[in-house]
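*Asks:* Everything below, folded, please.
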Amino acid sequence: MNRRRSAGRDRGSFTAELAAGLPALLLLLLAGLSAVNAVGTRAGCLHAAREAALAASRGADGVAAASRAAPPGAEVTVTVDGQRVVATVRAPVRALGSRLPRISVTAAAVAAVEPGVVGPGIAEPAPPATEPAEDDGAGAASGVAGP
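*Replies:* Purely as a prediction, here's the structure:
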């Protein structure tokens with residue numbers, strides 16, 4: 001004989017488990033996607049910081065170089081510490097869930113000031129050009145026509 005078990009005791013248990021577990025699963029999904037977004041934003045900040053440090057170490061405007069490569073809404077700071085240039089980029093991370101807390105990521109890069117650069121954006125002045133030697137009368141004509 002085949003005895004059938006009564007379905008009355010287990011009826012609806014899957015629905016109750018799904019109702020309890022689905023919000024937790026969605027929260028984990030949103031947190032995971034926000035974490036991936038944060039990692040991508042940090043990579044963009046690091047790229048922008050490297051661009052800023054290299055540009056400033058060569059005498060160019062580091063903030064302008066970083067602004068072209070930085071994520072939207074990023075703050076860029078470039079400081080010179082002796083013979084080192086330190087560039088820091090901070091950007092907010094857009095959370096996928098509106099109720100998740102706002103976070104920001106920061107990346108920094110350091111570069112040595114290159115030879116010939118006095119400071120960021122200021123190159124060493126070029127040596128003065130040598131003036132032509134005075135004509136002693138025996139040389140070629142000066143190129144100025146007389147009357």
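*Asks:* shaky segments in the chain?
*Replies:* 1-12, 97-100, 118-147 (pLDDT under 70).
*Asks:* helices and strands around the lengthiest helix in it, which ones?
*Replies:* With secondary structure taken from DSSP state H, the chain has its longest helix at helix 13-57. Packing partners of helix 13-57 (3 or more Cβ pairs under 8 Å, 6 or more residues apart in numbering; DSSP states H and E): helix 62-69, strand 75-81, strand 84-93, strand 103-112. Just so you know, the C-beta spots here come from the backbone N, C-alpha and C atoms, and that holds for glycine as well.
*Asks:* Mind exporting the C-alpha coordinates of the last one to PDB?
*Replies:* This file holds the C-alpha atoms of strand 103-112, laid out as PDB (Å, rounded to 0.1, in the frame of the first residue of the first chain):
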ATOM      1  CA  ILE A 103      30.100  57.000   0.000                       C
ATOM      2  CA  SER A 104      33.100  58.600  -1.700                       C
ATOM      3  CA  VAL A 105      36.300  57.000  -2.900                       C
ATOM      4  CA  THR A 106      39.800  58.600  -2.900                       C
ATOM      5  CA  ALA A 107      42.900  57.800  -4.900                       C
ATOM      6  CA  ALA A 108      46.300  59.400  -4.800                       C
ATOM      7  CA  ALA A 109      49.400  59.400  -7.000                       C
ATOM      8  CA  VAL A 110      52.900  60.700  -6.500                       C
ATOM      9  CA  ALA A 111      55.400  61.700  -9.100                       C
ATOM     10  CA  ALA A 112      58.900  63.300  -8.900                       C
END
